[in-house]
Each structure stands twice: as structure tokens, then as C-alpha cells.
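A.B. asks: here is my input; please provide its structure:
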Amino acid sequence: MGNALVSTLLVTDYVLCPIELEAYSLQGVKKMRTVIGNVKSRNTALRELGLLPSRVDNRNHNHRKQLAEIQQAFPELVCPYSVFQRSCIADAVSDRSWIGYNKKASAKRATAELASLDKLGTE
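C.D. replies: From the prediction side, this is the model:
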């Protein structure tokens, strides 16, 4: 949570926090909330869009458990959408290409998941 993050939060109007569902996630969210709260005193336009569960694997018991814990701790912040773990996303990042160029069925699902995020600013 260094200077680059604080500087970015000072000049932006919106923040969406992607979180991985790992054991340390709840601690990280608490630290992030503290930083955002401190910055909001200087950037009154800053609006939190929420916490976006990312790289989610619903088959993983620990992911389901962590998601439930985060939803319980921050019910007003956890997005109703998730970005699931898919190799096509890693491929797109590696290739520095838009995931929509990939013709795999999983890429189409990932594109739809990411497109659902457009709704966050309007809800």
C-alpha cells in the first residue's frame, strides 16, 4: 500500500479492488479500506465501486470459504460479479491482447463476466 497507490487514489474518482480469495485476503481488504478511508478525507470525490472477487475457483473449498467470510465482513462492498480463474485470461495477459480475440468458449464466458462490470457504476 505504497506511495503509488495513494497517489493514484488522490487523483481518481472511482476505485474497484480486485481480490484473490486466499487466506490473507481479509487482512488485505482491511488494510486497503484504511488507506481508502484516509485518502477520502483529501479526495472527497473518491467513490468505492466495491471488492471484485478475482481468479475464483468455485471447486476450491477455500475459495468458497474466503468469499463467504469477505461477504460477511463487507456485505455492502462485495460485487455481485466475479471473475473466475480461466487459462484464457492468463493467455491474454501474456500475449498482451484483448480476451475477446480468443475464440475459446471459456474466453467468451470471461468476456461476458468482465462486461458485467460495466453495471457497477450505475447500480
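
A.B. asks: C-alpha from now on. contacts and neighbour counts both.
C.D. replies: Noted.

A.B. asks: show me the longest helix that occurs in this protein.
C.D. replies: Assignment by DSSP state H gives helix 25-40 as the longest helix of the chain.

A.B. asks: mind giving me the domain split of the protein?
C.D. replies: The chain breaks down by automatic domain parsing into domains covering 1-84, 86-123.

A.B. asks: will you turn these into a markdown table that also has mean pLDDT and mean neighbour count?
C.D. replies: As requested, the domains of the chain are exported to a markdown table (pLDDT from 0 to 100; neighbours: other CA atoms under 10 Å):
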| stretch | mean pLDDT | mean neighbour count |
| --- | --- | --- |
| domain 1-84 | 89 | 15 |
| domain 86-123 | 80 | 14 |
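
A.B. asks: the longest helix of the chain: what's the following helix or strand?
C.D. replies: With elements assigned by DSSP states H and E, the helix or strand that comes after helix 25-40 is strand 47-56.

A.B. asks: just want the angle from that next one to helix 25-40.
C.D. replies: For strand 47-56 against helix 25-40, the angle by axes from the mean of the first three to the mean of the last three CA atoms, to 10 degrees is 160 degrees.

A.B. asks: show me the contact partners of strand 47-56.
C.D. replies: With contact meaning CA atoms under 8 Å, 6 or more residues apart in numbering, strand 47-56 is reached by 13-21, 63, 67, 76-79, 81-86, 120-121.

A.B. asks: just the ones of these in strands?
C.D. replies: Among these, the subset assigned to strands under DSSP state E consists of 14-20, 83-84.

A.B. asks: which among these gets closest to Arg59?
C.D. replies: Nearest to Arg59, judged by CA to CA, of these is Phe84 at 10.8 Å.

A.B. asks: distance check, that closest one against Thr111.
C.D. replies: As judged by CA to CA, to the nearest Å, Phe84 and Thr111 stand 11 Å apart.

A.B. asks: confirm Leu10 sits in a strand?
C.D. replies: No: Leu10: not assigned to a strand; according to DSSP: H, G, I helix; E, B strand; the rest coil it is helix.
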